[in-house]
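S.K.: My questions are about this predicted structure, shown below with the sequence.
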Amino acid sequence: MTALRTALAVTGLSIALLAVAAPANAAGPSLPDGDTLIAASCLGDPADATIFDVNSTTGATTAIGSGNAGYECAYQASWDESSKTLYGTIWDTDSVLVKWDTLTGALVEVGPVLDGVTPVDVDTLVIGLDGAAYVLDFNELYRVDLATGAATDLGALAALTTNAYGAAVDPTTGILYLLGEDGDLFTLDPVAVTATYVASWTFSAEAENVYGLAIDSAGIAWVVEYPGDTVYSALYSTPLATFGVAPVLSGDIVDTATTLNYNSWWVTIIDTPVKPALANTGVDVAPIAVTGLLLGLVGVTLVVRRRRVA
């Protein structure tokens, strides 16, 4: 695992030094209203664990905030629908559970992911609609406490023979899915501790692996393929019901500010962030404004009269 991650990091750093635009003919579907596609990379520029808002039709991304200094790889994050919170893990010597602020891009550490005192080397995270969270260390499944990072070993998923870096919950059914880097899609039953094969990804000509998985509220699966359409990570989509059949290319995942591409991206669907509104005091300000205006006029009148008397 360590060797693989080191190789990914080196590759990611090398690729981040190159620039390329997304294919002109790329055109993925739009997201349903209320859905936002979020991504991050293992390494890149800007570095420091930055999350990005992804344009689903082109793959172009816009940084949310300026990153989080001192952190390296951000692994598959997952939206907790029950608390409206984005959780993820950071590769920082050992895996650390974090919360992302989807408005500012800032992260807050929850705690190291530990099974007792033993670090869990997290590949991916998925949170069910009920708020129950699970992580994988290769094919070993753990339940993780989102308040502390404490992990409980549930057992091995025998069907998984490669690392599954992608995971998502179907918001329309609550079913959990895992995506192996070899393109095999599985449903996950954390109670029975089983992974059941569903379908296989259809790779493009130059691709080798898939890393990220997200499912939107229309039942469309979003997948990150590596290498992408022009040797970088690329964003594809396919109906979950016909997973892997004629995937649609949105484009290479490119930061619009730097035009740089990244290696080992994940994607996840969150509720579209809403900026806080001004507090509603329950008082109708219109009469107050009118009263203030009248008082101001009276004040002016009084001053004028005084001056005339003087």
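M.R.: Received it, and whenever you're ready, just let me know what you need.
S.K.: Sketch out the low-pLDDT regions of the stretch 101-250 of the chain for me.
M.R.: 228-232 (pLDDT under 70).
S.K.: residue contacts, Pro190?
M.R.: When contacts are counted by Cβ atoms under 8 Å, 6 or more residues apart in numbering, Pro190 touches Gly128, Ala132, Tyr134, Leu141, Arg143, Leu154, Leu176. Placement of C-beta: from N, CA and C, glycine included.
S.K.: Now a PyMOL select for only the buried ones of those.
M.R.: Burial among the contacts of Pro190 is assessed by 16 or more other Cβ atoms under 10 Å; the matching PyMOL selection reads:
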select buried, resi 128+132+134+141+176
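S.K.: Out of the contacts of Pro190, list just those in strands.
M.R.: Judged by DSSP state E, strands contain the following of these: Tyr134, Leu141, Arg143, Leu154, Leu176.
S.K.: Out of those, which comes closest to Thr62?
M.R.: Closest approach between the ones in strands among the contacts of Pro190 and Thr62, by Cβ to Cβ: Leu176, at 29.0 Å.
S.K.: Please report the distance of that closest one from Leu185.
M.R.: According to Cβ to Cβ, to the nearest Å, Leu176 stands 11 Å off from Leu185.
S.K.: One more: Asn209?
M.R.: Taken as Cβ to Cβ, the span from Asn209 to Leu185 is 14 Å.
S.K.: More neighbours: which of the two?
M.R.: Leu185 (25 against 20; other Cβ atoms under 10 Å).
S.K.: Now the more buried one: closest residue in space that isn't a chain neighbour?
M.R.: Val198 (4.5 Å; Cβ to Cβ, 6 or more residues apart in numbering).
S.K.: Identify the residues contacting the one helix or strand the one you found maps to?
M.R.: Per DSSP states H and E, Val198 falls inside strand 194-200. For strand 194-200, contacts defined as Cβ under 8 Å, 6+ apart pick out 139, 157-160, 177-178, 183-189, 243-244.
S.K.: Note down every partner strand of the helix or strand containing Leu249 and its orientation.
M.R.: Per DSSP H and E: Leu249 is located in strand 248-252. Note on strand 248-252: by DSSP bridges, its sheet partners are strand 234-239 (antiparallel).
S.K.: Only the buried residues of the strand it pairs with, if you could.
M.R.: With burial defined by 16+ other Cβ under 10 Å, the residues of strand 234-239 counted as buried are Ala234, Leu235, Tyr236, Ser237, Thr238, Pro239.
S.K.: Could you work out the most separated pair of the residues you listed?
M.R.: Maximum distance among those (Cβ to Cβ): 18.2 Å, for Ala234 and Pro239.
S.K.: hang on, the earlier thing: JSON lines please, covering the contacts of Pro190 and showing distance to Thr57.
M.R.: Compiled in JSON lines, the contacts of Pro190 are given as follows (distance: Cβ to Cβ, whole Å):
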{"residue": "Gly128", "distance to Thr57": "29"}
{"residue": "Ala132", "distance to Thr57": "33"}
{"residue": "Tyr134", "distance to Thr57": "31"}
{"residue": "Leu141", "distance to Thr57": "35"}
{"residue": "Arg143", "distance to Thr57": "36"}
{"residue": "Leu154", "distance to Thr57": "38"}
{"residue": "Leu176", "distance to Thr57": "27"}
